[in-house]
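In: Give the three-dimensional model of this entry:
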Amino acid sequence: MFENIKAFFKGFFRSFKARSTEYIEFEERELENVFALVLMGSFVGVPSPPTTLVMRLMPHMIREIYVMQRRAGEMDDIFGEIAAMFEIT
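Out: Below you'll find the predicted structure:
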């Protein structure tokens, strides 16, 4: 009987770990997007940091630029994605 209870809780906590990892990955993606928008804000009319700083960081931003292009093409509904993660109907 104790083995069944132990197996239940083990599966229960494993599912929480999987969901929390999914939430952290989603938050990381969004923070990368925000960082890219802060640096490249002049493209959308947001005041940007000094040009010298942007130019120094530009080589490290290649991945973020591709992600921004892809997201602009797909035009994801961020609120819909968050609602789906939390299973809000």
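
In: From residue 71, how far off is the residue nearest to the spatial centre of the chain?
Out: Closest residue to the average C-alpha location of the chain: residue 29 at 2.1 Å, with C-alpha atoms, centre = their mean. Distance of residue 29 to residue 71, computed by C-beta to C-beta, to the nearest Å: 9 Å. The C-beta positions use only the backbone N, C-alpha and C, and glycine is treated the same way.

In: For the residue nearest to the centre of the chain, what is the enclosing helix or strand?
Out: Per DSSP states H and E, residue 29 falls inside helix 2-39.

In: What mean pLDDT does that helix get?
Out: Averaging pLDDT along helix 2-39 gives 80.

In: related to what we said a few turns ago, contacting residues for the residue nearest to the centre of the chain?
Out: Applying C-beta atoms under 8 Å, 6 or more residues apart in numbering to residue 29 gives the contacts residue 67.

In: Return the set of buried residues in the helix holding residue 29.
Out: If you call a residue buried by 16 or more other C-beta atoms under 10 Å, then helix 2-39 has these buried ones: 36, 39.

In: continuing past that helix, what's the next helix or strand?
Out: helix 51-57.

In: chain center to that next one: distance?
Out: Taking C-alpha atoms, centre = their mean, to the nearest Å, one finds helix 51-57 lying 24 Å from the centre of the chain it belongs to.

In: other SSEs contacting that helix?
Out: Packing contacts for helix 51-57, counted by 3 or more C-beta pairs under 8 Å, 6 or more residues apart in numbering; DSSP states H and E, involve no helix or strand.
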